[in-house]
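Enquirer: my questions concern the predicted model and sequence given below.
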Number of protein chains: 2
Amino acid sequence: MFDSIIIGMGPAGIEAGIYLKRYGLNALVIGKDLGALEKAHEIENYYGVGKISGIDLAKNSLKNALNLEVMINKDEVIAIEYGDNCFIVKTTKNEYQAKTILIATGKARNSFQLAKEYEGKGVSYCATCDGFFYRKKKIGIVGYNEYMLSELNALLPLTKDITVFTNGETLNVNIPNAIPVVTTKITKLGGSDKLQFVICEDKEYQLDGLFIALGSQNAFTLAKHLGLEINNNNLVVNKNYMTNIPGIFAAGDVIGGLLQVVKAASDGANAAYNIKEYLRLQND
Amino acid sequence: MFDSIIIGMGPAGIEAGIYLKRYGLNALVIGKDLGALEKAHEIENYYGVGKISGIDLAKNSLKNALNLEVMINKDEVIAIEYGDNCFIVKTTKNEYQAKTILIATGKARNSFQLAKEYEGKGVSYCATCDGFFYRKKKIGIVGYNEYMLSELNALLPLTKDITVFTNGETLNVNIPNAIPVVTTKITKLGGSDKLQFVICEDKEYQLDGLFIALGSQNAFTLAKHLGLEINNNNLVVNKNYMTNIPGIFAAGDVIGGLLQVVKAASDGANAAYNIKEYLRLQND
């Protein structure tokens, strides 16, 4: 059992990993990529570091963290579940238990704007939360990778009438043969009070519900699954960087504020301090 | 007139200077030394930077800031006063006007613990605030440098019966010949309800009041002079990093929290953002 699992290996996640290591705690950082830093062409306002590309800063930080024996796995989280007095973190390769979770996945974005109008009216971001309402109904699921598959598997016991929409992406997981796959782009969602159909480049599909499982498990979908409070697309945390769920913390761009390396890294250090304090009080 | 004068050239001050420059504002950083970083033997938990000494990190940061054309003066602030719709910052070499002030002087410490018991009972940290209560009384002033001299000059119009106590330090400013100077260490303060005497290594001195002006104008004494709220030896700021006095902001160790480079630098960036917003609203 890990003291903490940190999701995300941008500045907040890596800095939190370093601090937790220094506090003598057993932490694991899981990240699928270097986050927003990868796209930062040039940074020159990060204290103590001269002009540097985002990718170099991120790579240096990984190297430094590994030198300090911070445990880092390049992997993708597909689900977080509540276990017996712990959290269970499922990735594409493995499954871990942890006493606390730190969400440091970067800016929480709802990446499927088309669906915004029908959120809560037929559009869902969480099979576990909302699947029950669509028993034996005709539903669609938007996605193309491991994360879509995990959502699909949560829906299959409830209804067999499921269509996968890859929204123009290539399907890169194996799904049951019986499931139809639409690989054209979705251009419109429609219906009067609630979602009734989806129009793709090829044709129109009648649906009772549509589950969005695009890209990877990001902060937005994690939050929906776990019941975390969101405000203005940011995870809401208290002054101890803890979300509304005890033991789940968040840091970096995902909690809003200045979207800057120095602020994200500082959040990571602060969250690590508060995770240490939280664990200490649990042990008292 | 500067948009902002930043006092302190540690991580918070320098990072704020860089951000204000990037916001296109006219800011000046004034610092007397590199702060607590100078004493940090080795740092290895600052995101993106490998093992480094505090002094090297501080020097790199100065170099980077100067490359970005941040204005930095190595100088010592001896007073901040309220001017006509501005603040007046007096240093040992100069006098400046600014629309806003950022205090980033590092941990606010009351460096004269002996006097703690008599604070408000004969011991003061601010000649301008409390001098009036000691008109024609017998007072002492503890200090040895420019800052002591500026406090002495504020007291001389009120009473001529002043003794300077250097507390074992060498007096390094010129004071009027008529003022007696005691260069031995202070070992005890005494009196029943209020301060009545000071015992030095050589002898006992009867006093009605004692003004502490040791070392330089630090956050603690700045705060006393300006009427800033202090809690647990930290300057109190709101979520916008502003103190209880509009236009005076604070960042870094001086506001408490994690005493870490990454947190101080992040505070500096956040304070700069809020100074920019404050100035924008003033201009509206």
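Expert: That came in fine, so what should we check first? Numbers count the residues shown, from 1 in each chain, chains lettered A, B, ... in the order given.

Enquirer: please enumerate the strands of the stretch 101-250 of chain A.
Expert: In the stretch 101-250 of chain A, the segments counted as strands under DSSP state E, counting those that start in this stretch are A:123-124, A:139-142, A:162-165, A:181-182, A:186-190, A:197-200, A:204-206, A:209-212, A:230-231, A:234-235, A:248-250.

Enquirer: any idea which of those scores lowest on pLDDT?
Expert: Comparing mean pLDDT across the strands of the stretch 101-250 of chain A, the weakest is strand A:230-231, with a mean of 89.

Enquirer: for chain B, give me its nearest residue in the stretch 151-284 of chain A.
Expert: Closest residue of the stretch 151-284 of chain A to chain B, Cβ to the nearest Cβ: residue A:266 (3.2 Å). Just so you know, the C-beta spots here come from the backbone N, C-alpha and C atoms, and that holds for glycine as well.

Enquirer: tell me the secondary structure for that residue?
Expert: helix (DSSP: H, G, I helix; E, B strand; the rest coil).

Enquirer: my guess is it contacts residue B:262. True?
Expert: Yes: the pair formed by residue A:266 and residue B:262 meets the contact definition of Cβ atoms under 8 Å, at 4.8 Å.

Enquirer: shared neighbours, those two?
Expert: Applying Cβ atoms under 8 Å, 6 or more residues apart in numbering or on different chains, one finds that residue A:266 and residue B:262 are jointly contacted by residue A:15.

Enquirer: re the thing from before, quick one: neighbours of the residue nearest to the residue of the stretch 151-284 of chain A closest to chain B when sequence neighbours are not counted, just the number.
Expert: With Cβ to Cβ, 6 or more residues apart in numbering or on different chains as the measure, residue B:266 is the residue that lies nearest to residue A:266, at 3.2 Å, once sequence neighbours are left out. By the criterion of other Cβ atoms under 10 Å in any protein chain shown, residue B:266 has 30 neighbours.

Enquirer: quick one: contacts for residue B:266?
Expert: Residue B:266 touches A:260, A:262, A:263, A:265, A:266, A:267, B:15, counting by Cβ under 8 Å, 6+ apart.

Enquirer: of all the residues you listed, which two lie farthest apart?
Expert: Within these, two members stand farthest from each other by Cβ to Cβ: A:267 and B:15, at 15.0 Å.

Enquirer: gap between residue A:140 and chain B?
Expert: Plainly put, residue A:140 is 42 Å away from chain B if you go by Cβ to the nearest Cβ, to the nearest Å.

Enquirer: just residue A:124 next, same as before
Expert: Here residue A:124 is placed at a distance of 34 Å from chain B (Cβ to the nearest Cβ).

Enquirer: so who does residue A:78 touch?
Expert: Contacts here follow Cβ under 8 Å, 6+ apart; on that basis residue A:78 touches A:90, A:91, A:92, A:146, A:147, A:150, A:216, A:217.

Enquirer: ok, the fifth one - contacts?
Expert: Pointing back at residue A:147 there. Residues near residue A:147 by Cβ under 8 Å, 6+ apart: A:76, A:78, A:213, A:215, A:216, A:217, A:221.

Enquirer: residues from chain A in reach of chain B?
Expert: Residues of chain A found near chain B (Cβ under 8 Å from any Cβ of the partner chain) are A:11, A:14-15, A:18-19, A:22, A:44-50, A:52, A:57-58, A:60-61, A:63-64, A:67-68, A:257-258, A:260-263, A:265-270, A:273.

Enquirer: neighbours around residue A:22, how many?
Expert: Neighbour tally, residue A:22, other Cβ under 10 Å: 15.

Enquirer: next, count neighbours for the nearest residue to it once chain neighbours are set aside.
Expert: Using Cβ to Cβ, 6+ apart and skipping residues adjacent in sequence, the residue nearest residue A:22 is residue B:45, 5.9 Å away. Applying the criterion other Cβ under 10 Å, we find 20 residues in the vicinity of residue B:45.
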